[in-house]
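Undergrad: For reference, the sequence and a predicted model appear below.
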Amino acid sequence: MKESISRKVFIPVGILLSLGVLLSFILWLKLTLTNQINFETARQLYLSNYPPFIRNARVLTRLHIIFNVLAITCLLRAPLSSPKLVVLVRFFVMLNVVMMIWQIFSLM
């Protein structure tokens, strides 16, 4: 019984990690697509939204990749009891895979 309760926490944790990375992507896209500024200025504006100890683009990218991997792991380990939940989990797993590929590509 206790294991079942603790495994139910995996879905909300996976979704929260996913949404954290997704919000970062939305912030980046908003800065780069709506402003008529150069890349370096957009990059500095983007990084200024984070605490000083992670205001490094490479560190932040690696952190997002770690969050994606953790979210995928949590979502795949979660108990799935309904078809709607299966669809939701699959959606978030695919979203994390796409965001992770984008992050890996941006490191190159």
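TA: Good, I have the coordinates. Residues are numbered from 1 along each chain as shown.

Undergrad: Distance of residue 8 relative to residue 105?
TA: Counting by C-beta to C-beta, to the nearest Å, the separation of residue 8 from residue 105 is 34 Å. Bear in mind the C-beta positions are built from the backbone N, C-alpha and C, glycine included.

Undergrad: ditto for residue 46
TA: On the measure of C-beta to C-beta, residue 46 and residue 105 end up 17 Å apart.

Undergrad: and the residue nearest the centre of the chain, what does it touch?
TA: In the chain, the centroid-proximal residue (C-alpha atoms, centre = their mean) is residue 21; its distance is 2.6 Å. By C-beta atoms under 8 Å, 6 or more residues apart in numbering, residue 21 lies in contact with 64, 67-68, 71, 96, 99.

Undergrad: which SS class is it?
TA: Here residue 21 is helix, with the state taken from DSSP: H, G, I helix; E, B strand; the rest coil.

Undergrad: which residues does residue 27 contact?
TA: Going by C-beta under 8 Å, 6+ apart, residue 27 touches 46, 49.

Undergrad: could you redo the last one with a cut-off of 10 Å?
TA: Residue 27 is in contact with 45-46, 49-50, counting by C-beta atoms under 10 Å, 6 or more residues apart in numbering.

Undergrad: So for residue 8 and residue 105, which sits in the more crowded spot?
TA: Neighbour count, other C-beta atoms under 10 Å: between residue 8 and residue 105, residue 8 has more, with 12 against 8.

Undergrad: Can you check what pLDDT the model gives the nearest residue to the more buried one once chain neighbours are set aside?
TA: In space, and not counting its chain neighbours, residue 8 is closest to residue 79: 6.6 Å by C-beta to C-beta, 6 or more residues apart in numbering. Residue 79 is assigned 84 on the pLDDT scale.
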